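Peer 1: Quick one, structure for this:
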Amino acid sequence: MAGEENVKEELRSQDASSNLSQHEAAGHPHSWSLEMLLRRLRTDHTKQDDKFANLLDAVGEFGTFQQRLVALTFIPSIMSAFFMFAGYFVFTAQKPYCNTSWILAVGPNLSEAEQLNLTIPRGPNGSFLMCLMYLPVPWNLDSIIHFGLNDTDKCQDGWIYPDAKTRSLINEFDLVCDAETKKDTAHIMFMAGILIGSLIFGLITDKMGRYPAILLSLLGLIIFGFGTAFVNSFHLYLLFRFGISQSVVGYSISSISLATEWLVGEHRAHAIILEHCFFAVGAMLLTGIAYSLPHWRLLFLVGGALAVPLISYIWILPESPRWLMMKGKVKEAKQMLCYAASVNKKTIPSNLLDEVQLPRKKVTQASVLDFCKNRQLCKVILVMSCVWATGLGLVFLASAAGAILSLTIINQTPSFLPIFLCCALAIVAFSLSFLLPETRDQPLFDSLDHSPEMRNKVKDMTPEDTSSDDMSSDDMSEEAAKNVILNAQILRLVPYPVSKPA
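Peer 2: I've put the predicted structure just below:
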């Protein structure tokens, strides 16, 4: 009996193979080859992994609502770039000299050139030394001119900037000579804010939502950006730049999360590219404004004024339905999806809307440790941390650390070493990029159970494995289970040649 069953099974396999080959040989316009069938099944399985894919298709892939959302979330990127790079335009190079106005008491009619010749020492090349001065003496002007001055010391009464045409932080707070390194402190403080902000806003975006995180970051841009124009000390300037940097990185994380979770397929990639375009527009806008203003404080006044209208986002920005579902807010998620469909002049079928429901099994909260436990995510995070074109949360930590390290290397090493390191690291980053998985046409997964690694495990299972208790997930519908079994059966046929009919 067992032998007869084996023969029957083999005949059935040959019949199925012959039927497939006959369809291919017939060349019928509607017939599918085995490879096309496999591709279609994989595509369908991928779409089923993303619970919101069909819903967003019904809402409208890239309708009026999504277009408006992308514009709303990425317009503030202009201001993010404005405040991010503004720190490089407030340190306008100046040529200072020690303030030696003491000599005007004995020679009030001296010109500026005569004053410098009598009170400022010169270097070996004949140029005036910017950080030294001749000490005052109780002589008359004729004695000073005849005998000259010999005793030098550091500047005691501040500096003058005779050639300065604009007001910058350098001549505002005398960031010259021994205080010149404070300029690098400002850049390091900004990067430290990005590092801390990555942690803070990464948690806020996940715990409180994308909408509150965006509002908090925009509020920070307005307060710290506008307030920088009124600081009265360099230490207060550092504090406000620290706050601005946190707002910048917070908005980048939360806005990208919100936009990509409302989009599907290739529209996500297009939206990210568009975000970088808005960011570049902000950098160009800053360049034009910075060179036309005579005072550094005006730069932050203009930027703060341009950011004030962003307060209106309180009333016009939506929340992510994916985040609402993950937090169990099913009613709010349905309302948001229906509103988006009404804007796009679409109607969501009731059967699709009913699929938006809480999972019957308990969803565990993810943490940083989950990135280490999941091999696929761990590889992506490590590679992106080394590369950094984009990322969220943890990846921004690597970017801030790299920026701080680069400032240290530039200041402490010869000029050729930073150039060599940049080239070497660029080659390493390019090589590591080959380890990243393909994300084109892949769905967003709402939990680690739906990650690419878990999906690959499901595809590799045999039909017997799918019937075990490990595959009895409450989230998997009956149709999805059938597709998994059919996919596994067809995958078994791939390595074997299709036999011709007898």
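
Peer 1: C-alpha from now on. contacts and neighbour counts both.
Peer 2: Fine.

Peer 1: Would you agree Asp184 falls within a strand?
Peer 2: No: according to DSSP: H, G, I helix; E, B strand; the rest coil, the state of Asp184 is helix, so it is not within a strand.

Peer 1: Please determine how far it is located from Phe91.
Peer 2: 11 Å (C-alpha to C-alpha, to the nearest Å).

Peer 1: Show me which of the two is the more surrounded one.
Peer 2: Phe91 (17 against 14; other C-alpha atoms under 10 Å).

Peer 1: Let me see the contact set for that one.
Peer 2: Phe91 makes contact with 168-170, 183 under the criterion C-alpha atoms under 8 Å, 6 or more residues apart in numbering.

Peer 1: Save the residues you listed as JSON lines, and put in distance to Asp157, pLDDT and secondary structure too.
Peer 2: Output for these, formatted as JSON lines (distance: C-alpha to C-alpha, whole Å; pLDDT from 0 to 100; DSSP: H, G, I helix; E, B strand; the rest coil):
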{"residue": "Ser168", "distance to Asp157": "19", "pLDDT": "87", "secondary structure": "coil"}
{"residue": "Leu169", "distance to Asp157": "18", "pLDDT": "90", "secondary structure": "helix"}
{"residue": "Ile170", "distance to Asp157": "16", "pLDDT": "89", "secondary structure": "helix"}
{"residue": "Lys183", "distance to Asp157": "21", "pLDDT": "82", "secondary structure": "helix"}
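
Peer 1: For Leu116, state which of these is nearest.
Peer 2: Nearest to Leu116 among those is Ile170, at 20.7 Å by C-alpha to C-alpha.

Peer 1: packing partners for the helix or strand containing Gly202?
Peer 2: Assigned by DSSP states H and E, Gly202 belongs to helix 182-207. In terms of contacts (3 or more C-alpha pairs under 8 Å, 6 or more residues apart in numbering; DSSP states H and E), helix 182-207 is packed against helix 210-227, helix 234-262, helix 394-412.

Peer 1: Quick check, Gly158 in contact with Leu175.
Peer 2: No: with contact defined as C-alpha atoms under 8 Å, Gly158 does not reach Leu175; the gap is 10.6 Å.

Peer 1: out of these two, which sits in the more crowded spot?
Peer 2: Each of Gly158 and Leu175 has its neighbours counted (other C-alpha under 10 Å); Leu175 has more, 20 against 15.

Peer 1: Burial check on the residue lying closest to Ala86 once chain neighbours are set aside, number of neighbours?
Peer 2: Spatial nearest neighbour of Ala86, excluding adjacent residues (C-alpha to C-alpha, 6 or more residues apart in numbering): Leu286 at 7.1 Å. By other C-alpha under 10 Å, the residues close to Leu286 number 23.

Peer 1: please begin residue numbering at 216 from this point
Peer 2: Noted, 216 is the first residue going forward, which turns the last one into Leu501.

Peer 1: Output whichever strand or helix holds Val285 as CSV, nothing but the C-alphas.
Peer 2: Secondary structure assignment for Val285, by DSSP H and E: helix 279-289. The C-alpha trace of helix 279-289 is given here as CSV (Å, rounded to 0.1, in the frame of the first residue of the first chain):
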residue,chain,number,x,y,z
THR,A,279,-4.7,65.4,-1.8
PHE,A,280,-4.4,64.5,1.9
GLN,A,281,-0.9,62.9,1.5
GLN,A,282,0.3,65.7,-0.7
ARG,A,283,-0.8,68.2,1.8
LEU,A,284,0.8,66.2,4.6
VAL,A,285,4.1,66.0,2.9
ALA,A,286,4.1,69.7,2.3
LEU,A,287,3.2,70.5,5.9
THR,A,288,5.7,68.2,7.4
PHE,A,289,8.6,69.2,5.3
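
Peer 1: what helices or strands is that helix leaning on?
Peer 2: With 3+ C-alpha pairs under 8 Å, 6+ apart as the test, helix 279-289 has helix 449-477, helix 481-505, helix 545-558 packed against it.

Peer 1: Out of those helices, which is closest to Val274?
Peer 2: helix 545-558 (4.5 Å).

Peer 1: Buried residues in the closest one, which are they?
Peer 2: 545, 548-549, 551-557 (16 or more other C-alpha atoms under 10 Å).

Peer 1: Next, the angle helix 449-477 makes with it.
Peer 2: 80 degrees (axes from the mean of the first three to the mean of the last three C-alpha atoms, to 10 degrees).

Peer 1: check contacts around the closest residue to Gly440 other than its chain neighbours.
Peer 2: Counting by C-alpha to C-alpha, 6+ apart, the nearest residue to Gly440 once its immediate chain neighbours are dropped is Gly519, at 5.4 Å. Contacts of Gly519 were listed using C-alpha under 8 Å, 6+ apart, and they are 436-438, 440-442.

Peer 1: How about the helix or strand containing Gly519, which residues are buried there?
Peer 2: Using DSSP H and E, Gly519 sits in helix 511-522. Across helix 511-522, burial judged by 16+ other C-alpha under 10 Å covers 511-519, 522.

Peer 1: where does this structure dip in pLDDT?
Peer 2: Scanning the chain for pLDDT under 70 picks out 216-267, 571-634, 636-637, 640, 651-717.

Peer 1: Just the buried positions in stretch 487-500, please.
Peer 2: 487, 490-491, 493-498.

Peer 1: One more: stretch 503-510?
Peer 2: 505, 510.

Peer 1: what residues does it touch?
Peer 2: By C-alpha under 8 Å, 6+ apart, stretch 503-510 touches 304, 380-383, 511, 514.

Peer 1: same deal with stretch 530-537?
Peer 2: Under C-alpha under 8 Å, 6+ apart, the answer for stretch 530-537 is 267, 284, 287, 424-426, 473, 476-477, 547-549, 551-552, 661.

Peer 1: Report the two of those residues separated the most.
Peer 2: Leu287 and Asp661 (24.1 Å).

Peer 1: neighbours of Asp366, just the number please.
Peer 2: 11.

Peer 1: quick one, phi/psi of it?
Peer 2: Asp366 adopts backbone torsions of phi -80, psi 120, taken as degrees, to the nearest 10.
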